[in-house]
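J.: Curious how this folds, go ahead:
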Amino acid sequence: MKIKPLQIGSLIIDNPFVLAPLAGYTDLPFRLLCREYGAGLVFSEMISCHGLSYHQQKTCDMLKSTPQERPVAIQLFGSEPAVMGKAAALISREPIDCIDLNMGCPVKKVTKKGAGAALMKSPELAAGIIRAVCANTDKPVTVKFRSGWTHQSKNAPEFAQMAEEAGASAVTIHARTWSDGFSGTVDWDIIAAVKRKISIPVIGNGDILSYEQGLAMMEKTGCDGVMIGRATLGNPWIFQQEKPSPDPRIRLIALKRHLQLIADFCDPQWALSKIRSHAGKYFKGLPHGASIRNDIYQATEFSQVRELVDMLLQEPSFAQEPEEQGKQQTDND
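T.: Just a heads-up that it's a prediction; the model follows:
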């Protein structure tokens, strides 16, 4: 299957395979890493509209970006049109390319406030939010939502039509219901139904574990792009058609680059707990992977994690140079 660029408003994305917003994971260093490995567009973690409106430092820090990661989308969540519009205006001052609205998060602390997937039960409120955001930005606005609230109330096609009429430039469908959470079978038929219903681009999402599965989703459903989330962790080359060889050194090189990006753009010690979670995923399925993960989890300093990776790269079992995978490498790794 020959893939085509994904166009969201005036934004043209060469590779329609994009990085999903993942709470706790898709910070600036990881977004940069995924861009270097081929992701056409990267999404921030979901950001509270209230946190931005109140200028909370921790929330505002989540907007940190750099030209190398563009195109980048910032994902907002909230349930009040006026506050979402105000947050959109603030975001639009930043060097970003797109604003995404979270209407699919199933987490209770989000839905109990009427945000996330709860908005699928209130399409009129959702429409008001989309209109308010579109009125306060010159960036394309996208909406991410689910198949529906339950299997008895799958309303994604109608919700998508509402989003288009309210001004959205594209939609992303996580093909599960709120009641599924992150388990259960992904329903590709609902993605196809949404695609038939609207004229704006549709991005499919849910349990894509490989580039080949993404292509299959596009071919079967007709969707215009594929969003990949959890399968990117420890596997940032998933956006590439050419897969790396199953060489453990590949993973070490990717992790080393990831650690360098953290050192460049974050307070490494502050990020230590986050990198423990990330780093452990690079060694899933490797010989002695459990032992390596344990060493990482026990590290009390960011420098110790970097030293461990450097040491592993010197070991004979990891010493064979991998084939060139087309990834952009830096001279100062």
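
J.: Just list what the helix or strand hosting residue 52 packs against, helices and strands only.
T.: Taking DSSP states H and E as the definition, one finds residue 52 inside helix 49-53. The contact analysis (3 or more CB pairs under 8 Å, 6 or more residues apart in numbering; DSSP states H and E) places helix 49-53 against helix 57-61, strand 72-77, helix 81-91. From N, CA and C alone the C-beta is placed, and that goes for glycine too.

J.: what angle sits between the last one and strand 72-77?
T.: I take that to be helix 81-91. Helix 81-91 runs at 160 degrees relative to strand 72-77, counting by axes from the mean of the first three to the mean of the last three CA atoms, to 10 degrees.

J.: Quick one: residues in contact with helix 81-91.
T.: 47, 49-50, 52-53, 63, 74, 76, 78, 99, 101, 125, 128-129, 131-133, 135-137, 139, 141 (CB atoms under 8 Å, 6 or more residues apart in numbering).

J.: Those residues, buried ones only, as a ChimeraX selection?
T.: To isolate the buried members of those in ChimeraX, using 16 or more other CB atoms under 10 Å:
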select :47,49,50,52,53,63,74,76,78,99,101,128,129,131,132,133,136,137,139,141
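
J.: Check the helices and strands packed on helix 49-53 for me and report the most buried one.
T.: Mean neighbours per residue, mean count of other CB atoms under 10 Å, is largest over the helices and strands packed on helix 49-53 for strand 72-77, with a mean of 25.

J.: can you map out the helices along the stretch 201-333 of the chain?
T.: 211-221, 248-265, 272-282, 289-298, 302-314 (DSSP state H, counting those that start in this stretch).

J.: is it possible to export the ones you listed to CSV including distance to residue 164 and mean pLDDT?
T.: As requested, the helices of the stretch 201-333 of the chain are exported to CSV (distance: least, CB to CB, whole Å; pLDDT from 0 to 100):
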stretch, distance to residue 164, mean pLDDT
helix 211-221, 17, 96
helix 248-265, 36, 90
helix 272-282, 36, 81
helix 289-298, 45, 85
helix 302-314, 45, 89
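
J.: With distance to residue 162 and mean neighbour count as added columns, please give the ones you listed in CSV.
T.: CSV is the format used below for the helices of the stretch 201-333 of the chain (distance: least, CB to CB, whole Å; neighbours: other CB atoms under 10 Å):
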stretch, distance to residue 162, mean neighbour count
helix 211-221, 20, 18
helix 248-265, 38, 21
helix 272-282, 36, 18
helix 289-298, 45, 15
helix 302-314, 46, 16
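
J.: okay, the ones you listed in CSV with distance to residue 155 next?
T.: Below are these laid out as CSV (distance: least, CB to CB, whole Å):
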stretch, distance to residue 155
helix 211-221, 18
helix 248-265, 39
helix 272-282, 34
helix 289-298, 42
helix 302-314, 45
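
J.: Reformat the helices and strands packed on helix 49-53 as CSV; add mean pLDDT.
T.: Output for these, formatted as CSV (pLDDT from 0 to 100):
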stretch, mean pLDDT
helix 57-61, 90
strand 72-77, 97
helix 81-91, 97
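
J.: Nearest to residue 4, out of those?
T.: strand 72-77 (19.4 Å; CB to CB).

J.: if we can go back for a sec, out of the helices of the stretch 201-333 of the chain, nearest to residue 202?
T.: Per CB to CB, nearest to residue 202 of those: helix 211-221, 7.9 Å.

J.: Can you tell me which helices and strands the closest one packs against?
T.: helix 188-197, strand 202-205, strand 225-228.

J.: List every C-alpha atom in that helix, with coordinates, as CSV.
T.: Presented in CSV, the C-alpha positions along helix 211-221 are these (Å, rounded to 0.1, in the frame of the first residue of the first chain):
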residue,chain,number,x,y,z
TYR,A,211,4.0,-0.4,11.0
GLU,A,212,2.4,-3.3,9.1
GLN,A,213,-0.6,-3.3,11.3
GLY,A,214,-0.9,0.5,10.7
LEU,A,215,-0.9,-0.1,7.0
ALA,A,216,-3.6,-2.8,7.4
MET,A,217,-5.8,-0.4,9.4
MET,A,218,-5.5,2.3,6.7
GLU,A,219,-6.3,-0.2,3.9
LYS,A,220,-9.3,-1.8,5.7
THR,A,221,-10.9,1.3,7.2
